[in-house]
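K.L.:
how would this look folded up:
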Amino acid sequence: MTHRFAPTAALLVLAAFSTSVPAQTVLQTDALEQGQMQAQFQDETQLAEAPGRVGRISLVQGKVDIGGDVGAESSPAQLNWPITSRNLISTARGARTELRIGSTAIRLDGDSSLEVTELDDDSLRLRLHYGSVSVRVMNVDVVPEFELRTAQATVRLTQPGRLRVDAERERDTSLVSVLDGQAQVDGAGASLTVRSGRAAQVRIEDVRTLQAQRDNFDDWSLTRDQALVAAQSSRHIGTEMTGYEELDRYGSWSTSSDYGSLWTPQVAADWTPYRDGSWTFIAPWGWTWVDNAPWGYAPFHYGRWVQVRDRWAWAPGRLERRPVWSPALVGWVGGSNWNVGFQSRNLAAHGWYPLSPYDRYEPGYRLSGERLRRLNDWRHATRREQQQPGRHNGLTVVPRDQFGGRGPVIVPRAPRPNRPEQLAPGTPGSAPPPPLVARAGWNRDRRDLLERANVERNGVERNGVERPGLERMQFEQQARERGEQERLTRERNNGERLARERMDGQERALREQGERERMGREFENRNQMDRMRFQVERNDRERIGRERMREQAERSQRQPVMSTDAPVFARPESRPESRQESRPQQRPEPGPMLNAPQRPATPPQMVAPPAPRPQPSAPAFTPAQRNNDQRANTDARGVSRDER
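P.N.:
Numbering: from 1, shown residues only. Here you go, the predicted structure:
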């Protein structure tokens, strides 16, 4: 019996071993991919220094999407989301959004698409694919850095001001309107200067100037500029710190001998920085903090947080012409070997705390020594706070697995430790690694770029073997050709996508035109029917009026008319006869009747009315036409005695 089942048991063991090997291979592959991804991100951050100027989304109205690049997957825009190079912002019909880059305001109308092609310390370049954009530049230092392109024109400012650009609202046409200041417009082989109050309409083959027109989008932009006035904040931190315009409305300024200028937000007494928002992985900086408060941009990307009289206050530091931006000025603790109790379970955790002016900021991306010195050099902070070893004020802790997914880490929804007051982390740790599935094709998109960058920097392959002269030159030439081919492919794909969008826009415009024409025809038909009905009613009213006038004339003609020489008697139509009238009357004497009413004589100029129609019931008679015998035999009504 035992020998019979021995082969079966051996097969089951082999099957179990064969199924465990792929699972172990998958785990090893995931760990290897995680290590390679982190190493590649570290290599990428060393290629170039991260820019020190970053914008933000300061307003979202309606459906607004933001993507990392043209053709890349987009996501709904969020307030205080960082704006940098190669961001594409699109608005749906009826939606609007606002971007702020220091003192520069960029507003996008509905059904528009704007690409931030380049944003760093020395340039601000935009491209409007379609729609309408309003730009206001206040700082004279930003004027030479600004450029906006459309399919037909290139716009540059020559002095601070406000301009409006419309692209593809009319087919193959761009309209540049200068509402304030002065701009230079290049397009269709011409270059012209457009002053305040004028506009330039640029097509593929011609350019013409006209008077600038304003609409409700321009009025809305002007209202936003008038509402966002921050006089106190501009004195303490200047106007080139992105997000400065929101501070006056949500807090108060004061001055401290230890920290310099301090801003205290209007929040609850137990409020803590970096606790109401989310962590999002944005290259090349890494994990970036996005706060939920409308004022939550400048205090979380510049300066430091301090506790004054048991309340948190923000110390921006020294006043600079253009401060250096940071993803989050926090210190990290924990990691894989630091466990914290979460709901009766001990889990590996990560924590962070706001840096004080006495803490040194260590970025995980490349930063020059001069910028790092500006981030950590404080003119104030003359005394060091007394703090217990191993404890950090404002520490927030979440499980480590929260940083491993694709999406952002929403801190208010993350599990909290059971006893946060007993947390005592040891030495500070580094920031969490990049998420395992940060974006589809993350490794594939960057592998060739990193390889070419390494070769171009030091002529060394990934395996560390240096290439000889000719072979190295050939490899570099091939790398350049591959890069050029990829660039052409990307431009072709972008061109095809823009062509499809243009065709869709044209079809949409044709549908809208057809709908407008249909509505116009229906409106005209309704108006015509209303006019016809009004004409019929007027004709009916006129006909009824004529009939009434004719009836009144007939009634007036039916009245008896007495002659001047002999009165005419008529029998009443509807007057009932009295008993006295049935009695025989005395025969009247010849001549005019004594009891007949005396009527005035008809004036000579009046024409006598026509004779009344004979009444069958009581015909009129004239006493002069009958003899005296006939008058004697008849009564006043003309009835003979024989008939009675």
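K.L.:
how many neighbours does T91 have?
P.N.:
The tally of other residues near T91 (other C-beta atoms under 10 Å) stands at 24. C-beta here means a position set from N, CA and C on the backbone, and glycine is covered the same way.
K.L.:
List the residues that contact it.
P.N.:
For T91, the contact set (C-beta atoms under 8 Å, 6 or more residues apart in numbering) comprises 62-65, 97, 108-113, 131.
K.L.:
can you give me the strands in the stretch 151-300 of the chain?
P.N.:
Along the stretch 151-300 of the chain, the segments classed as strands by DSSP state E, counting those that start in this stretch run 154-167, 174-187, 190-195, 198-202, 207-211, 251-256, 260-265, 277-282, 286-291.
K.L.:
Now render those strands as CSV, adding mean neighbour count, distance to Y361 and mean pLDDT.
P.N.:
CSV is the format used below for the strands of the stretch 151-300 of the chain (neighbours: other C-beta atoms under 10 Å; distance: least, C-beta to C-beta, whole Å; pLDDT from 0 to 100):
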stretch, mean neighbour count, distance to Y361, mean pLDDT
strand 154-167, 21, 33, 96
strand 174-187, 22, 38, 95
strand 190-195, 14, 45, 94
strand 198-202, 22, 47, 96
strand 207-211, 13, 50, 94
strand 251-256, 14, 21, 93
strand 260-265, 20, 18, 94
strand 277-282, 21, 17, 93
strand 286-291, 22, 13, 94
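K.L.:
how about those strands, which one is nearest G404?
P.N.:
Nearest of the strands of the stretch 151-300 of the chain to G404, taken as C-beta to C-beta: strand 277-282 at 10.9 Å.
K.L.:
orientation of the closest one relative to strand 286-291 in degrees?
P.N.:
Interaxial angle of strand 277-282 relative to strand 286-291 (axes from the mean of the first three to the mean of the last three C-alpha atoms, to 10 degrees): 150 degrees.
K.L.:
In the stretch 201-350 of the chain, where is pLDDT below threshold?
P.N.:
Within the stretch 201-350 of the chain, no stretch has pLDDT under 70.
K.L.:
Helices of the stretch 401-550 of the chain, start to end?
P.N.:
442-458, 469-557 (DSSP state H, counting those that start in this stretch).
K.L.:
Which of those has the lowest mean pLDDT?
P.N.:
Among the helices of the stretch 401-550 of the chain, helix 442-458 carries the lowest mean pLDDT, at a mean of 42.
K.L.:
Tell me which of the helices of the stretch 401-550 of the chain sits most buried.
P.N.:
helix 442-458 (a mean of 14; mean count of other C-beta atoms under 10 Å).
K.L.:
rewinding a little: what is the nearest of the contacts of T91 to F217?
P.N.:
Here the nearest of the contacts of T91 to F217, counting by C-beta to C-beta, is D109; it sits at 4.9 Å.
K.L.:
Export the helices of the stretch 401-550 of the chain to CSV and append columns for distance to S356.
P.N.:
Listed next are the helices of the stretch 401-550 of the chain as CSV, based on distance: least, C-beta to C-beta, whole Å:
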stretch, distance to S356
helix 442-458, 35
helix 469-557, 45
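K.L.:
Which strand residues bridge the residue lying closest to P299 once chain neighbours are set aside?
P.N.:
Using C-beta to C-beta, 6 or more residues apart in numbering and skipping residues adjacent in sequence, the residue nearest P299 is W314, 4.3 Å away. Residues in a beta bridge with W314, per DSSP bridges, are W263, W305.
K.L.:
same check, this time on L210
P.N.:
Per DSSP bridges, residues listed as beta-bridge partners of L210: A199.
K.L.:
same deal with T91?
P.N.:
Where T91 sits in a bridge, its partners, by DSSP bridges, are V64, S112.
K.L.:
Give me the distance between it and G68.
P.N.:
For T91, the distance to G68 (C-beta to C-beta, to the nearest Å) stands at 17 Å.
K.L.:
How about S112?
P.N.:
19 Å.
K.L.:
Between those two, which has more neighbouring residues?
P.N.:
Of the pair S112 and G68, S112 is the one with more neighbours under other C-beta under 10 Å, namely 26 against 17.
K.L.:
so that one makes contact with A92?
P.N.:
No: S112 lies out of contact with A92 (C-beta atoms under 8 Å); the separation is 9.5 Å.
K.L.:
I figured R366 hits E49, correct?
P.N.:
Yes: at 5.2 Å, R366 counts as touching E49 under the criterion of C-beta under 8 Å.
K.L.:
which residues are common contacts for those two?
P.N.:
Overlap of the contact sets of R366 and E49 (by C-beta under 8 Å, 6+ apart) is empty.
K.L.:
Tell me the secondary structure at D359.
P.N.:
coil (DSSP: H, G, I helix; E, B strand; the rest coil).
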